[in-house]
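For reference, the sequence and a predicted model appear below.
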Amino acid sequence: MKQIDTRGLSCPQPIILVLDEIRNGKDEFDVVMDSEASCENVKRLLTKNNLEFDVKENSDHTVYYVKR
Amino acid sequence: MKNFFSTKSGIIVVGAVIGVAAAILQKLGNPPNMGLCIACFERDIAGALGLHRAGVVQYIRPEIIGILLGSFLISLTFKEFKPRSGSSSIIRFFLGFFAMIGALVFLGCPWRAFLRLAGGDLNAIIGILGLVFGIFIGTVFIRKGYDLGRSMPSQKKAAGYIMPIVMAALLLMLIFQFKPILFSEKGPGAMHAPLYISLIAGLIIGGLAQRSRFCTMGSIRDIIIVKDFHLFSGVAAFAISAFIMNIIFGQFKTGFTGQPVAHDLHLWNFLGMILSGLAFALAGGCPGRQLILSGEGDTDAAIFVFGMFAGAAFSHNFSIASSPKGIGTFGAYGTIIGIIFCLIIGFSMIQKRKV
């Protein structure tokens, strides 16, 4: 499955990468984030695009499994 | 844990609190239409440290200290304090440097641009248009693949504590009126709210801004890139609440001319803010947000902040900064060189995206 790793990226790179995938991809994908701010931003973007996702929180990062 | 301040109502509350705080700080002594201004206040700190010798703008502003320490303490509390580094630090230094030059040609950072508007200064409209245009140019680069690269988490936490310690040191120098520190005897630098009120206001604002990710540049950028009005609702609440408080306090006076700590050279208000907006967009945050990130342990943001201090020093030492009389002798050169620098960085940091 395609994975978008946003760890260490500054604003708005995580959003740009996820937006690209939403527009150009067809399949499910994962997003890996290491900051709360990124999590909130990506969550807002996914919700806005009516995409559902599962959340897995690890010690130093969070993963959203985005369904299509 | 659900973070209320990251919700739509949350960011509106935060914006409103900051706007009200700005108006109150002005009422209590801060300069007119400058209840809060990150750029101006960092410039005042640079002056207090003797990095520039513009005698009217020298004071250690407790608001800056408070905002950074507020972010530091709240990010520690919520386990968001994560020391990190390594994302094009030197470029960020000069983005901060030129962002400050642009801000001092216009006479205000984006926060103050909205506060000037809320105080009736119509020149702010020109500045905000420049800001939007500068951010727009930034988004064009971002969409083409502009990226300053990843930061890496620091193995040890030490790096993240440096900025908070610098702020604590500044606070001690202020409280004990440390001899070498320069304090303005007249001009905007001599106008300030009581120390502890400024400090507490800063702490509250820093904490709230950290939780809500309040960012003036981001608010406009997100509208342009993803038509997301989330952050903008906070900035709008900020401007509107300051406006209402200004009316209540009798601090509102509309017009282009005779505005406090402002000039009405439209071209340079516009170009100065284009420079600032572009530099903030390329660095990923407005000056307030850079302080907040520094407090969270983002040392690249801290380097941007130091770039702003350096930019302030150069602005005044090299007659780049404006005054109510107009732009400085070399203000035009500083602005143009800054815009060229940002464009070169924009083009040269475009990377092919590997998805």
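Arrived safely.

What residues of whichever strand or helix holds B:Asn269 count as buried?
Taking DSSP states H and E as the criterion, the element that holds B:Asn269 is helix B:266-283. Residues of helix B:266-283 classed as buried: B:268-283 (neighbour count, 16 or more other CB atoms under 10 Å in any protein chain shown). Where you see a C-beta, it was placed from the backbone N, CA and C, and this is true even at glycine.

Pull the contacting residues for the residue in the stretch 1-150 of chain B that chain A sits nearest to.
Of the stretch 1-150 of chain B, the residue with the smallest distance to chain A, taken as CB to the nearest CB, is B:Arg150 at 3.3 Å. In this structure, B:Arg150 makes contact with A:7-9, B:86-87, judged by CB atoms under 8 Å, 6 or more residues apart in numbering or on different chains.

swap the cut-off to 6 Å and go again
Each residue near B:Arg150 by CB atoms under 6 Å, 6 or more residues apart in numbering or on different chains is listed here: A:8-9.

Could you verify my assumption that B:Gly272 touches B:Leu104?
No - with contacts defined as CB atoms under 6 Å, B:Gly272 does not count as touching B:Leu104, sitting 7.7 Å away.

can you give me how far the helix holding B:Asn269 is from the chain middle?
13 Å (CA atoms, centre = their mean, to the nearest Å).

And it, what does it pack against?
Contacting helix B:266-283 under the criterion 3 or more CB pairs under 6 Å, 6 or more residues apart in numbering or on different chains; DSSP states H and E are the following elements: helix B:89-106, helix B:123-144, helix B:216-226, helix B:331-348.

got CSV for the ones you listed, with mean pLDDT too?
Listed next are the helices and strands packed on helix B:266-283 as CSV, based on pLDDT from 0 to 100:
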stretch, mean pLDDT
helix B:89-106, 98
helix B:123-144, 98
helix B:216-226, 97
helix B:331-348, 98
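
most centrally placed residue in the chain?
Since you didn't name a chain, this refers to chain A. Most central in chain A under CA atoms, centre = their mean is A:Val31, positioned 3.6 Å from the mean C-alpha point.

right idea, wrong chain: chain B
By CA atoms, centre = their mean, the most central residue of chain B is B:Pro287, 2.8 Å off.

Tell me how far it lies from B:Ala209.
From B:Pro287 across to B:Ala209, the span is 12 Å (CB to CB, to the nearest Å).

ok, now B:Gly35?
As defined by CB to CB, B:Gly35 lies at a distance of 15 Å from B:Ala209.

neighbour-wise, which of the two wins?
A direct count of neighbours by other CB atoms under 10 Å in any protein chain shown for B:Gly35 and B:Ala209 places B:Gly35 higher, at 32 against 27.

pretty sure that one is touching B:Ile24, no?
No - counting by CB under 6 Å, B:Ile24 is not a contact partner of B:Gly35; they are 7.1 Å apart.

and chain A, which of its residues are near chain B?
Within chain A, the positions adjacent to chain B are A:8-11, A:13, A:36-37, A:40 by CB under 6 Å from any CB of the partner chain.

Tabulate those residues (a markdown table), appending pLDDT and neighbour count.
Rendered in a markdown table, the data for the residues of chain A next to chain B read as follows (pLDDT from 0 to 100; neighbours: other CB atoms under 10 Å in any protein chain shown):
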| residue | pLDDT | neighbour count |
| --- | --- | --- |
| A:Gly8 | 96 | 19 |
| A:Leu9 | 96 | 24 |
| A:Ser10 | 94 | 25 |
| A:Cys11 | 92 | 24 |
| A:Gln13 | 96 | 21 |
| A:Glu36 | 93 | 21 |
| A:Ala37 | 94 | 21 |
| A:Glu40 | 95 | 17 |
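
can you tell me which of these are in helices?
Assigned to helices by DSSP state H, the following of the residues of chain A next to chain B qualify: A:13, A:36-37, A:40.

May I ask which two of those residues are separated the most?
By the measure CB to CB, A:Gln13 and A:Glu36 form the most distant pair in these, at 16.0 Å.

Help me confirm that A:Ser59 is found in a helix?
No - under the criterion used here (DSSP: H, G, I helix; E, B strand; the rest coil), A:Ser59 is coil, not part of a helix.

and it, how many residues sit next to it?
Here the neighbour count serves as a burial measure; for A:Ser59 (other CB under 10 Å) it reads 4.

now swap in B:Val56 and tell me
Other residues lying near B:Val56 total 18 when counted by other CB under 10 Å.

close enough to count as contact, it and B:Met191?
No - counting by CB under 6 Å, B:Met191 is not a contact partner of B:Val56; they are 9.9 Å apart.

which residues of the stretch 1-150 of chain B fall in strands?
Using DSSP state E, counting those that start in this stretch, the strands of the stretch 1-150 of chain B run over residues B:84-85.

who in it is up against chain A?
With CB under 6 Å from any CB as the criterion, the stretch 1-150 of chain B comes near chain A at residues B:6, B:80, B:147, B:150.
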